[in-house]
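>>> This is a predicted model, with the sequence first.
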Protein chains: 2
Amino acid sequence: MTDSRPFQKIAHIGIAVADLDAALAIWRDQLGAEVSDVCTMPDRGLKIAFIPVGESLIELIAPLRDDSEVSRFLEKRGPGVHHICLAVDDIQARLDLYRSRGLRLVNDTPSIGAEGYPVAFMHPKATGGILLELLEERSEG
Amino acid sequence: MTDSRPFQKIAHIGIAVADLDAALAIWRDQLGAEVSDVCTMPDRGLKIAFIPVGESLIELIAPLRDDSEVSRFLEKRGPGVHHICLAVDDIQARLDLYRSRGLRLVNDTPSIGAEGYPVAFMHPKATGGILLELLEERSEG
């Protein structure tokens, strides 16, 4: 794998919000953004609103319960950008390459994310403090 | 102005970093991203590296001095996403609309940003804690 332009696009920016209705009142009603979908993910304890922006999405991510994936972030830092997700060509090859370089990963292999594509998180220690998610868009779904 | 899809794309994500060389060692050397430009802005006390990702940029923003635009953020929160910049069609009309809705702005009128386009910041109080920048891409520069 060559390393020229490994990232095809910003797939999404995940913004942690304490209250989804309040966040929608801001983004949809005041800023005027179009919300394409709102999806509840009980397993992950999350409710997510999707806002298409060009080739990317802004995802407003709210906790459904205290042990959700964003609860600790919200407690510690308050609402804000939780993670950035970048699209790559071959997620497994990319994860293998990064691991071979000694970069710390949260997930060694991808799982299926909220958008229906394989995703994996890198550890913030590997990326200078940013929670970075990789995603592979597959046409076959 | 109608409100359907006011945001054309994510123009950039601004990431505050304490040390630009260390951030480039991560993003360019380890993650393999292509850095298109590094630009020093003495007036704003910043040095910025630009990483093209699809139609967007990731901007690594480092302070040149203690009173730079990112110094307080770095002191308070450490390295991380400093702001999100969204492209709009007509920035002045958009700012006027938001002001008429009672949304708090940092800049009532745009100034020219690092990419050479008119930009203006909204106040985080208006956007649920996110520092949101608007940008108008003008072909005439």
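Yep, that arrived.
>>> Alpha carbons only: can I get stretch A:10-24 in PDB?
Output of stretch A:10-24 as PDB, limited to C-alpha atoms (Å, rounded to 0.1, in the frame of the first residue of the first chain):
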ATOM      1  CA  ILE A  10     -13.800  13.200   6.000                       C
ATOM      2  CA  ALA A  11     -16.600  10.600   6.400                       C
ATOM      3  CA  HIS A  12     -18.000  12.300   9.500                       C
ATOM      4  CA  ILE A  13     -17.400  14.500  12.500                       C
ATOM      5  CA  GLY A  14     -18.900  13.000  15.600                       C
ATOM      6  CA  ILE A  15     -20.100  15.700  18.100                       C
ATOM      7  CA  ALA A  16     -21.100  14.600  21.600                       C
ATOM      8  CA  VAL A  17     -24.200  16.400  22.900                       C
ATOM      9  CA  ALA A  18     -25.900  15.900  26.200                       C
ATOM     10  CA  ASP A  19     -29.500  16.400  24.800                       C
ATOM     11  CA  LEU A  20     -30.300  15.600  21.200                       C
ATOM     12  CA  ASP A  21     -33.500  17.700  21.100                       C
ATOM     13  CA  ALA A  22     -31.500  20.700  22.300                       C
ATOM     14  CA  ALA A  23     -28.800  20.000  19.700                       C
ATOM     15  CA  LEU A  24     -31.400  19.700  16.900                       C
END
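>>> where does that stretch sit relative to the chain's centre, distance-wise?
Stretch A:10-24 sits 10 Å away from the centroid of its parent chain (C-alpha atoms, centre = their mean, to the nearest Å).
>>> Is it positioned near chain B?
Yes - Stretch A:10-24 reaches chain B (C-beta under 8 Å from any C-beta of the partner chain) through A:10, A:13, A:15, A:17, A:22, A:23. In this view, the C-beta of every residue, glycine as well, is placed from N, C-alpha and C.
>>> among the residues you listed, which are in helices?
A:22, A:23 (DSSP state H).
>>> Mind checking which of the residues of stretch A:10-24 next to chain B are buried?
Buried residues within the residues of stretch A:10-24 next to chain B, counting neighbours by 16 or more other C-beta atoms under 10 Å in any protein chain shown: A:10, A:13, A:15, A:17, A:23.
>>> can you map out the helices along chain A?
A:20-24, A:71-77, A:91-100.
>>> With mean pLDDT as extra columns, can I get those helices in a markdown table?
Output for the helices of chain A, formatted as a markdown table (pLDDT from 0 to 100):
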| stretch | mean pLDDT |
| --- | --- |
| helix A:20-24 | 97 |
| helix A:71-77 | 94 |
| helix A:91-100 | 97 |
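>>> Looking at those, which is nearest to residue B:74?
helix A:71-77 (14.3 Å; C-beta to C-beta).
>>> So is that closest one next to chain B?
Yes - applying C-beta under 8 Å from any C-beta, one finds helix A:71-77 in contact with chain B at residue A:77.
>>> Okay, buried residues for that helix please.
So helix A:71-77, judged by 16+ other C-beta under 10 Å, has buried residues A:71, A:73, A:74.
>>> Which positions within stretch A:104-112 qualify as buried?
Buried residues in stretch A:104-112 (16+ other C-beta under 10 Å): A:105, A:107, A:110.
>>> which one among those residues gets closest to chain B?
residue A:105 (12.1 Å; C-beta to the nearest C-beta).
>>> Pairing partners for that closest one in the sheet, please.
Beta-bridge partners recorded for residue A:105 (DSSP bridges): residue A:122.
>>> what's around the nearest residue in space to residue A:71 that is not next to it in sequence, how many residues?
Closest residue in space to residue A:71, ignoring its immediate chain neighbours: residue A:63 at 4.8 Å, by C-beta to C-beta, 6 or more residues apart in numbering or on different chains. Residue A:63 has 23 neighbours, counted by other C-beta atoms under 10 Å in any protein chain shown.
>>> Report pLDDT for the spatially closest residue to residue A:34 that is not a sequence neighbour.
Excluding the flanking residues, the one nearest residue A:34 by C-beta to C-beta, 6+ apart is residue B:5, at 5.5 Å. We have a pLDDT of 82 for residue B:5.
>>> How many residues are close by residue B:5?
14.
>>> check contacts around it.
A:33, A:34, A:52 (C-beta atoms under 8 Å, 6 or more residues apart in numbering or on different chains).
>>> and which of these is nearest to residue A:94?
Of these, the one sitting nearest to residue A:94 (C-beta to C-beta) turns out to be residue A:52, at 24.7 Å.
>>> what's across from the closest one in the sheet?
Applying DSSP bridges, one finds that residue A:52 bridges with residue A:57.
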